[in-house]
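Visitor: task: produce atomic coordinates for the following.
(2 chains)
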Amino acid sequence: MLSRVANCLYWMVRYIERADNLARLIEVNERLLLDLGWKDAAGLDALWRPVIASSGDEELFESAHPDGLRREAIEFLTIDTDNPNSIVSCIGQARENARMVRDQLAESLWEELNGLYLFVHSTEGAALVRSNSTAYYERIRRSTFAFHGMAAATTLRGEAWDFMDLGRHLERADKTTRFLDITTFIEAQPDHFGLTADEHWLAILRSCGGLGAFRVKHRGRFTRRNITEFLVLAPDFPRSVRYCAARIDECLHAISGTPRGGFANEAESLSGRLLSDLAFSSCDDVLALGLHGYLDGLQQRLNAIGEAVFRAFILLPDEIEQRPPIPASSVSAVVKWQMEQQQQ
Amino acid sequence: MFDHFETDLFFDEMFESDGSVRPHCSPLLERFSSIERADFEARRQACDSHFLRQGVTFNVYHDDKGTERIFPFDPVPRVIPAEEWDLLEAGLSQRIIALNLFLHDIYHEQQILKDGVIPAYYIENAKHFRPEFRGIDVPEDIYIQICGSDLIRGDDGQYFVLEDNARCPSGASYLLENRNALKRAFPGLFDAMGVRPVDAYPRELRRMLEFISPHREGDAVCVLLTPGCYNSAYFEHCYLAREMGIEIVEGKDLVVLDDFVYMRTTKGLERVDVIYRRIDDDFIDPTVFRKDSVLGVPGIMQAYRAGNVALANAVGTGVADDKVVYHFVPKMIEYYLGQQPILPNVQTYLAYEDSDRKYILDHLPELVVKSANESGGYGMLMGPTASKAELEEFRARIQDDPRNFIAQPVISLSRCPTWCGEGFEGRHVDLRPYIIYGESVKIVPGGLTRVALNKGSLVVNSSQGGGSKDTWVLRG
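Guide: The predicted structure is shown next:
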């Protein structure tokens, strides 16, 4: 498979996964606010802070909206195209990557993604965010699920699938750690925003789409310990970090053809170590390190795997690469040249 | 819905001049007439939304945002009876064979220049002539593997070749998708009409690419080289690559090592044998042509000269679709094949010839003036509708650079009934068939019928208010 194609498939799925997670997070937070039934508007607004912080784009938000409140936060996360990680931006990026590898995708897959792109860029879509945000986020979630479902049902189980699955699980693991980390922000507040522990832990489970599964597994005992274990260490919940790490490890070995248990490149070495750490850790180990610090460490290790994948499969060794990198300043010139090529 | 249809003294593809329907179109007319207007409108819109959802779009030039638009589609097909198609097929085959003999000659002995059939000046000063490739043999001695000659019909229905697109002819994906859209939205129209299928195009294209592979051992690795996703025809590049089952690559996906071309894969480098390139000569190799091109592949011309990779179309074919050289194609047919041209050219005046130039400058408001190497409806003057300032501008440009201008009489292109929001009206059309030259010449029975949607307009280009129609070639 072409390195560029692998890269596009990987990012296409990552961005779709990111949009899906963000939609769920915003929706859950909105619902949480309703449940609180606060009269205090300032408190309502403050609850968006941890959500923005979890997206990692806090600085961008601060500079764009120094006095940003609830509405600004929602729009920043949803439709702001200046925010590279807003839902609309993610869908745009996913589609851009898909467009570059259209020949590799099943028709239905492209149509679903393109349909979603057209929807979020339509006046109808923009109006729906304000008039009926639940319906809007529902549409995003359904569409991204449809995409994953169709991809699973139509994609040949080969390299293309492995790179897509790799992207999906790297992104998913990262998002689970970030959602879980929201508790850190909430618990750091003197009054926890007036939330009971149950309320905010439930919200986090919901954001990870794990409420139903958690109830089955832990019979509804919503303790900090149970939920942390469930989201980080459960081998059987598809959004837990450990489950995702296992998929990442499997995908990497499927791509390289190396048997699991060993490694042929740096990415496999990193994923193998991450997986065994997760498999042989208990919740006590996690909490002993402090949840925030532990989650931060996981995020760094996941990033390192992503970078190693890029080095192993996408970049060419220096001795073969004869092409100087394109300076960012001339990207528009490249676009212009692409457009100039006469198609008679 | 055809009750008030007027042919207005133009040649109409569906109706005779007395208003009666042409016999081969009669069942089609009956079926269209039986569709309720609301139903028709709903089906037509279904076509549009299908194109949009599928992303069957083109990017608009001179628009920095790379905006995508759908190419407007008109559901009334253009119908070509069998005997007419036989003539077109014979004429186009004759033409592509002659053009290829010409290119071989120009890049080798240049006998046709020595014999004075074409003045050498025109070739030496052709913008797309590549003298550095003289003496290089190309695989199977084929230069133009894919040709998209534009055909038009005049007042009396006579077909003419308007131009030969011998570099990167575009639009075959619309030919295929228009058929799909019409089949989906109006399946009933096809009943018992005997419409010949067009879906062999990608298979024929692939077969041709394999045929020109310089390597005989193993399966040929063919790729489609695209300038990238901001190119106007990017959709088409993806579409054709997928239909052919070959990789679509950008310049940065390819590397040249020891005069062989490789693509960069997750498993290392894989040798490439044949490149269907949709990128101009100028940009293909920064070590030979434009030094600043990042779209191309450094060293690829060295691999090409060494005979290790085939390109479709070959480098330097642009000399054949220079509009001045076009004027000489009928002479090439006589010179190389000893035959009379089956499809005539449109009468063409060359501004470089003194007598022609005088005629052009004296009759500017009656003529169409074209620059020799532009396409897409750019660099063109429509005398009868041009403003005084435009006429003066072209007068100056012609005098300034006569080599690069030609003029032709205005041909009032044939018309075809077209949906115009209120009802059907005649709109001018042309026809772009796609000719593939590999082991033999293959022409898919059909083509892209482009239609000037603006009332009275003769410009069918998508960039200038043009749309397209499905083209039906009937069985004999």
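Visitor: for the chain, which helix or strand comes out least confident on mean pLDDT?
Guide: Since you didn't name a chain, this refers to chain A. helix A:41-46 (a mean of 69; mean pLDDT, DSSP states H and E).
Visitor: looking at chain B here, not the other one
Guide: Lowest-scoring helix/strand for chain B, mean pLDDT, DSSP H and E: strand B:57-59, at a mean of 67.
Visitor: contacting residues around the strand or helix carrying A:E72?
Guide: Secondary-structure assignment from DSSP states H and E places A:E72 in helix A:70-78. Contact with helix A:70-78 is made by A:22, A:26, A:30, A:33, A:44-45, A:48, A:51-52, A:55, A:57, A:61, A:64-65, A:68, A:83, A:86-88, A:129, A:133, A:136, as judged by Cβ atoms under 8 Å, 6 or more residues apart in numbering or on different chains. All C-beta atoms are positioned from the backbone trio N, CA, C, and that covers glycine.
Visitor: how about the residues of chain A by chain B?
Guide: A:1-6, A:96, A:99-100, A:102-104, A:107, A:110-111, A:114-115, A:118, A:159, A:163, A:255, A:313-314, A:316, A:320-323, A:326, A:332, A:334-335, A:337-344 (Cβ under 8 Å from any Cβ of the partner chain).
Visitor: of the residues you listed, buried ones?
Guide: A:1-6, A:99-100, A:102-104, A:110-111, A:114-115, A:118, A:159, A:163, A:255, A:313-314, A:323, A:334-335, A:337-344 (16 or more other Cβ atoms under 10 Å in any protein chain shown).
Visitor: just these: which are in strands?
Guide: Assignment to strands by DSSP state E places none of those there.
Visitor: next one: stretch B:279-293 to chain centre, how far?
Guide: 23 Å (Cα atoms, centre = their mean, to the nearest Å).
Visitor: which residues touch it?
Guide: A:337, A:340-342, B:128, B:130, B:132, B:167-168, B:225-227, B:251, B:277, B:294-302, B:315-316, B:318.
Visitor: buried among the residues you listed? Make that a PyMOL selection.
Guide: Selection of buried members from the contacts of stretch B:279-293 for PyMOL, criterion 16+ other Cβ under 10 Å:
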select buried, (chain A and resi 337+340+341+342) or (chain B and resi 128+130+167+168+225+226+227+251+277+294+295+296+297+298+299+300+301+302+315+316+318)
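Visitor: just the buried members of the contacts of helix A:70-78?
Guide: A:22, A:26, A:30, A:33, A:44-45, A:48, A:51-52, A:55, A:57, A:61, A:65, A:68, A:83, A:86-88, A:129, A:133, A:136.
Visitor: low-confidence ranges in the stretch 51-200 of chain B?
Guide: The stretch 51-200 of chain B contains residues with pLDDT under 70 at B:58-68.
Visitor: those strands in it, which residues are they?
Guide: B:57-59, B:68-70, B:73-80, B:146-147, B:150-153, B:159-163 (DSSP state E, counting those that start in this stretch).
Visitor: turn those strands into CSV, columns for mean neighbour count.
Guide: Formatted as CSV, the strands of the stretch 51-200 of chain B follow (neighbours: other Cβ atoms under 10 Å in any protein chain shown):
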stretch, mean neighbour count
strand B:57-59, 20
strand B:68-70, 17
strand B:73-80, 24
strand B:146-147, 26
strand B:150-153, 21
strand B:159-163, 20
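Visitor: out of the ones you listed, which is closest to A:W11?
Guide: Checking the strands of the stretch 51-200 of chain B against A:W11 by Cβ to Cβ gives strand B:68-70 as the closest, at 20.3 Å.
Visitor: shaky segments in chain A?
Guide: Checking chain A against pLDDT under 70 turns up A:35-44, A:316-331.
Visitor: where is the longest helix in it?
Guide: helix A:3-36 (DSSP state H).
Visitor: other SSEs contacting that helix?
Guide: Judged by 3 or more Cβ pairs under 8 Å, 6 or more residues apart in numbering or on different chains; DSSP states H and E, helix A:3-36 is in contact with helix A:41-46, helix A:48-55, helix A:70-78, helix A:87-100, helix A:133-154, helix A:159-188, helix A:197-207, strand B:260-265.
Visitor: mind checking which of these is nearest B:D141?
Guide: strand B:260-265 (20.7 Å).
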